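Enquirer: Okay, predicted coordinates and the sequence, questions at the end:
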Amino acid sequence: MSETLALRPEIVNAETPLGDVKVEASLSIIERIYHVAGVRKAIILVALAALWQAYGLWLGNPLLFPTFTDTLSAFFENIANGVIPARTLVSLETLLIGYGIGIALAAVLTTIAIGSRIGADMLEALTSMFNPLPAIALLPLALIWFGLGKGSIIFVLVHSVLWAIALNTHSGFRSVSNTLRMVGLNYGLRGLKLVRFILIPAAFPAILTGLKVGWAFAWRTLIAAELVFGVSSGAGGLGWFIFENRNQLETANVFAGLFTVIFIGLVVENVVFATIERKTVRRWGMQH
């Protein structure tokens, strides 16, 4: 016995026009420019330069506070005669040596600290003792131990860099989750391999922060140390350039030396460290 199945008629609803609906609104030119970090920073720098210029003109005393244009004029003049480039190379050479040694020692200390409880206790004890100690306070000892010259400056640079990087690196290592550690152990990673392939990538934002702080501390210590050792030995880098022009009441040149330090800091922060950050933590999705 066959049964006839009734087919259900298809129902087609007529499309209702939605009109001119914008799914994604385009940004205006001003909004696009505002979303560029470099443009925002440039606006801030221009505003600071304008305030500098306005205050210098209002004060009207170049010996006390030169204007921004006077500082730029002295800056380019000392670049043209080769004084600032030569002094900058001397400072950067010393700075990079001390900075590199500080990074290496911090890596050794944090690797030992993360591998054993005794190492962690040792790092905590050393940082508690030496981190609050200003690097400038070690200048008399540096003079006794290393004499006048580059060795004494490098010694105080290493002290200023070491503890900031070690603290941030160790803090980053301790913040790595146990899940990631167990993943590394399950893959057979032990010792230095665990540090290299698991701990360093996971803790790299904290490590990068330590590198930035260490760089800033190194610059401060270098300029202060060169002021002292420049007086003692009659030679030096940017610190001695600043001190020498201060004695000659060349305030515009003093500001030009300070401007050089600021300019190098901006380049390192926005080019070197920004490139490292973009190719590591941002690329790994660890920071927005």
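Expert: That came through fine.

Enquirer: If you average the pLDDT over the helix or strand harbouring G100, what comes out?
Expert: Using DSSP states H and E, G100 falls within helix 83-115. For helix 83-115, mean pLDDT is 89.

Enquirer: Repeat that for stretch 33-40.
Expert: On average, stretch 33-40 scores 75.

Enquirer: mind checking how far that stretch is from the chain centre?
Expert: 20 Å (C-alpha atoms, centre = their mean, to the nearest Å).

Enquirer: Could you export it as PDB, CA atoms only?
Expert: In PDB, the C-alpha atoms belonging to stretch 33-40 read as follows (Å, rounded to 0.1, in the frame of the first residue of the first chain):
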ATOM      1  CA  ILE A  33      47.500  60.500  12.100                       C
ATOM      2  CA  TYR A  34      46.600  60.400  15.800                       C
ATOM      3  CA  HIS A  35      46.800  56.500  15.800                       C
ATOM      4  CA  VAL A  36      50.500  56.700  14.700                       C
ATOM      5  CA  ALA A  37      52.600  56.600  17.900                       C
ATOM      6  CA  GLY A  38      55.500  58.400  16.300                       C
ATOM      7  CA  VAL A  39      53.400  61.300  15.400                       C
ATOM      8  CA  ARG A  40      52.000  61.600  18.900                       C
END
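
Enquirer: for the stretch 101-250 of the chain, what spans make up the helices?
Expert: Assigned helices in the stretch 101-250 of the chain, in chain order: 117-130, 139-146, 150-174, 178-186, 192-194, 200-233, 238-247 (criterion: DSSP state H, counting those that start in this stretch).

Enquirer: Of the ones you listed, which is nearest G60?
Expert: Closest approach to G60 among the helices of the stretch 101-250 of the chain is made by helix 238-247 (20.7 Å; C-beta to C-beta). Using the backbone N, CA and C atoms, a C-beta is placed for each residue, glycine as well.

Enquirer: Chain neighbours aside, what residue packs nearest to E269?
Expert: Spatial nearest neighbour of E269, chain neighbours left out: K212 (7.2 Å); criterion: C-beta to C-beta, 6 or more residues apart in numbering.

Enquirer: what separates that neighbour from E226, distance-wise?
Expert: The gap separating K212 from E226 is 22 Å, by C-beta to C-beta, to the nearest Å.

Enquirer: of these two, who's got more company?
Expert: Counted by other C-beta atoms under 10 Å, K212 and E226 do not tie: E226 has more neighbours, with 25 against 19.

Enquirer: Tell me if I'm right that the more buried one and G239 touch.
Expert: Yes - counting by C-beta atoms under 8 Å, G239 is a contact partner of E226 at 2.7 Å.

Enquirer: what do the two both touch?
Expert: Here E226 and G239 share the contacting residues S91, scored by C-beta atoms under 8 Å, 6 or more residues apart in numbering.

Enquirer: how about the CA coordinates for stretch 165-183, as PDB?
Expert: Extracted C-alpha coordinates of stretch 165-183, given in PDB (Å, rounded to 0.1, in the frame of the first residue of the first chain):
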ATOM      1  CA  ILE A 165      68.700  43.900  35.100                       C
ATOM      2  CA  ALA A 166      69.200  41.000  37.500                       C
ATOM      3  CA  LEU A 167      66.200  42.000  39.600                       C
ATOM      4  CA  ASN A 168      63.800  42.400  36.600                       C
ATOM      5  CA  THR A 169      65.100  39.200  35.000                       C
ATOM      6  CA  HIS A 170      64.700  37.100  38.200                       C
ATOM      7  CA  SER A 171      61.200  38.600  38.700                       C
ATOM      8  CA  GLY A 172      60.300  37.700  35.200                       C
ATOM      9  CA  PHE A 173      61.600  34.100  35.600                       C
ATOM     10  CA  ARG A 174      59.600  33.700  38.900                       C
ATOM     11  CA  SER A 175      56.400  34.900  37.100                       C
ATOM     12  CA  VAL A 176      56.500  32.200  34.500                       C
ATOM     13  CA  SER A 177      53.600  29.800  35.100                       C
ATOM     14  CA  ASN A 178      54.200  26.200  36.200                       C
ATOM     15  CA  THR A 179      52.400  25.000  33.200                       C
ATOM     16  CA  LEU A 180      55.000  26.400  30.900                       C
ATOM     17  CA  ARG A 181      57.700  24.900  33.100                       C
ATOM     18  CA  MET A 182      56.100  21.500  33.000                       C
ATOM     19  CA  VAL A 183      55.800  21.700  29.200                       C
END
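
Enquirer: contact partners of that stretch?
Expert: Contacts with stretch 165-183, where a contact means C-beta under 8 Å, 6+ apart, come from 102-103, 105-107, 109-110, 113-114, 120, 123, 127, 131, 194-195, 198-199, 202-207, 209-211, 213-214.
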